[in-house]
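Colleague: Just to be clear, the model below is a prediction. Sequence and coordinates:
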Amino acid sequence: MKPKNIVLLGATGSIGVSTQKVVADLPEYFRLVGLASRENVAGMEAAVRQFAPLAVAMTHQDRARELEARIGKQVLAGERGLVELATMPEADLVLVAIVGTAGLAPALAAIRAGKDLAVASKEILVMAGELVMREARRHGVKVLPVDSEHSAIFQCLEGRDPSDVKRLILTASGGPFRQTPRSEFDQITVAEALKHPRWKMGPKITIDSATLFNKGLEMIEARWLFNIEIDRVDVLVHPQSVIHSMVEFRDGSVLAQLSAPDMRYPIQYALSFPRRLPNSIPPTDFAKMGPLTFELPDAEKFPSLRLAREAGRACGTMPAVLNAANEVAVARFVNGQIGFAQIFETVERVMNVHRVIASPPLDAIVEADQWARKEAERVI
């Protein structure tokens, strides 16, 4: 069987490194034909030497020249380089794991070039979910989730009639402040917020897990991925992170997807869909896991979930505004310029003054993103 040709945008981040492990584990099934990173030259050099891709790109111009000198091969640069990789004739699937808005243009370019898209970057579906899914339908390509929560729902929904779905249930670890009183939020330090009880991730997503904004963003993603209104997307705290998400059907039955908390599972399924392939990942041992527990999230402590639901109801440019305002607030918190509770306040104040543009094109989404960043800075 011919290996599936994969373009990996964001090759040196946590998702990118896990994807490299999946491909290395199953070389007869997958081949990395394109690799891109923002500025991790050493990580890219190692990946290029291991996988020998046909094309390489760096979004940072200076890092592109540096990598070029190291590997003795042309390195594409900037957004143009990412788009060129995303539209490679040899590519069968493009996995976008770039943090921030940089993944939007190559994701849309891949879809319009007829490539299946695997999505690990939240911004793509949060900011432009309506546009991305419309373009995917128009060009007859698949949009495959990489996040463990959305992969779980995707697997539970396979072959099911969407009209049979009562609600989608996203599970959340609850973050480090699940049991911290709201009265103590003003004393939370950056170091405390960066200590996630379950996962090792970058600072932005770790802070988002502490505020539960990550789960709010996932609600919006699910709304577009599965074409279901936001009011039928719920969140349930599950500290053990073994059940990755669930689907409740209108007859009262609930399907759940379970596995050890290892991102290689959802990554491999996105790459291999619709097949399930044997691998060398250690099997899930339920006997060693102990009890699985659940609780409702505290909506008063974590207004992020309410704000995300409001943005998902408004649609248009509002999700992009929520996302951008949150990014600015998180950066200011990490830099010690605002307190933890002010992250929520900043996002809400920016959303309250935004005038929504319905069914926006990409340029309007980008403009709303830029406006929200400036407004968040002004509010702070």
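Modeller: It's in. Numbers count the residues shown, from 1 in each chain.

Colleague: care to break the protein down by domain?
Modeller: Taking automatic domain parsing as the reference, the chain has its domains at 4-146, 150-259+294-307, 316-380.

Colleague: Can you say which of these is nearest to residue 278?
Modeller: The closest of these to residue 278 is domain 4-146. By Cβ to Cβ, the value is 8.6 Å. Every residue, glycine included, has its C-beta placed from N, CA and C.

Colleague: Quick check: mean pLDDT of that closest one?
Modeller: In this model, domain 4-146 carries a mean pLDDT of 96.

Colleague: Need the contact partners of the strand or helix carrying residue 216.
Modeller: Using DSSP states H and E, residue 216 sits within helix 213-225. Identification of contacts with helix 213-225 by Cβ atoms under 8 Å, 6 or more residues apart in numbering yields 119, 122, 125-126, 129-130, 132-133, 143, 145, 147, 149-150, 153-154, 168, 170, 172, 205, 208, 228-230, 233, 235, 297, 304-305, 307-309, 311-312, 319, 322-323, 326, 330, 343, 347.

Colleague: So among those residues, which ones count as buried?
Modeller: Neighbour counting by 16 or more other Cβ atoms under 10 Å classes 119, 122, 125-126, 129-130, 132-133, 143, 145, 147, 149-150, 153-154, 168, 170, 172, 205, 208, 228, 230, 233, 235, 297, 304-305, 307-309, 311-312, 319, 322-323, 326, 330, 343, 347 among these as buried.

Colleague: Just to be sure, which of the residues you listed are found in helices?
Modeller: Here DSSP state H is the test, and the buried ones among the contacts of helix 213-225 give 122, 125-126, 129-130, 132-133, 149-150, 153-154, 205, 208, 304-305, 307-309, 311-312, 319, 322-323, 326, 330, 343, 347 as lying in helices.

Colleague: Around residue 171, count how many other residues there are.
Modeller: A count of nearby residues for residue 171, using other Cβ atoms under 10 Å, gives 25.

Colleague: what's the answer for residue 159, then?
Modeller: 4.

Colleague: where exactly do the helices run in the stretch 251-380 of the chain?
Modeller: 264-272, 286-289, 304-314, 318-334, 341-352, 362-379 (DSSP state H, counting those that start in this stretch).

Colleague: Now tell me which of those helices the model trusts least on average.
Modeller: Among those, helix 286-289 scores lowest, with a mean of 86.

Colleague: Residue 160 versus the residue nearest to residue 157 when sequence neighbours are not counted, what's the distance?
Modeller: Nearest in space to residue 157, with sequence neighbours left out and distances taken as Cβ to Cβ, 6 or more residues apart in numbering, is residue 247 at 6.0 Å. Counting by Cβ to Cβ, to the nearest Å, the gap from residue 247 to residue 160 is 8 Å.

Colleague: between these two, which one's more packed in?
Modeller: Counted by other Cβ under 10 Å, residue 247 and residue 160 do not tie: residue 247 has more neighbours, with 24 against 12.

Colleague: Please identify the buried residues of the one helix or strand the more buried one maps to?
Modeller: Per DSSP H and E, residue 247 falls inside strand 243-249. In terms of neighbour count (16+ other Cβ under 10 Å), strand 243-249 has its buried residues at 243, 244, 245, 246, 247, 248, 249.

Colleague: and what of stretch 339-359?
Modeller: So stretch 339-359, judged by 16+ other Cβ under 10 Å, has buried residues 340-344, 346-351, 354, 357.

Colleague: wait, which of those is closest to residue 33?
Modeller: The nearest one, if we look at the buried residues of stretch 339-359 relative to residue 33 and count by Cβ to Cβ, is residue 357, at 37.2 Å.

Colleague: and the nearest residue to the closest one once chain neighbours are set aside, what is it in contact with?
Modeller: In space, and not counting its chain neighbours, residue 357 is closest to residue 317: 4.6 Å by Cβ to Cβ, 6+ apart. Residues in contact with residue 317 (Cβ under 8 Å, 6+ apart) are 354, 356, 357, 360, 364, 365, 368.

Colleague: In space, what's closest to the second one - neighbours in sequence excluded?
Modeller: Among residues not flanking residue 356 along the chain, residue 316 sits closest, at 4.3 Å (Cβ to Cβ, 6+ apart).

Colleague: what's the distance between the one you found and residue 342?
Modeller: Shown here: residue 316 relative to residue 342, a distance of 26 Å by Cβ to Cβ.

Colleague: One more: residue 16?
Modeller: 32 Å.

Colleague: can you check residue 62 too?
Modeller: Using Cβ to Cβ, residue 62 is found at 34 Å from residue 342.

Colleague: helices or strands up against the helix or strand harbouring residue 81?
Modeller: Using DSSP H and E, residue 81 maps to helix 78-86. On a contact count with 3 or more Cβ pairs under 8 Å, 6 or more residues apart in numbering; DSSP states H and E, helix 78-86 meets strand 4-9, strand 30-37, strand 55-58, helix 61-71, strand 76-77, strand 93-96, helix 104-112.

Colleague: Save those as JSON lines, and put in mean neighbour count and distance to residue 253 too.
Modeller: As requested, the helices and strands packed on helix 78-86 are exported to JSON lines (neighbours: other Cβ atoms under 10 Å; distance: least, Cβ to Cβ, whole Å):
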{"stretch": "strand 4-9", "mean neighbour count": "25", "distance to residue 253": "34"}
{"stretch": "strand 30-37", "mean neighbour count": "26", "distance to residue 253": "34"}
{"stretch": "strand 55-58", "mean neighbour count": "25", "distance to residue 253": "46"}
{"stretch": "helix 61-71", "mean neighbour count": "16", "distance to residue 253": "51"}
{"stretch": "strand 76-77", "mean neighbour count": "20", "distance to residue 253": "49"}
{"stretch": "strand 93-96", "mean neighbour count": "26", "distance to residue 253": "32"}
{"stretch": "helix 104-112", "mean neighbour count": "23", "distance to residue 253": "34"}
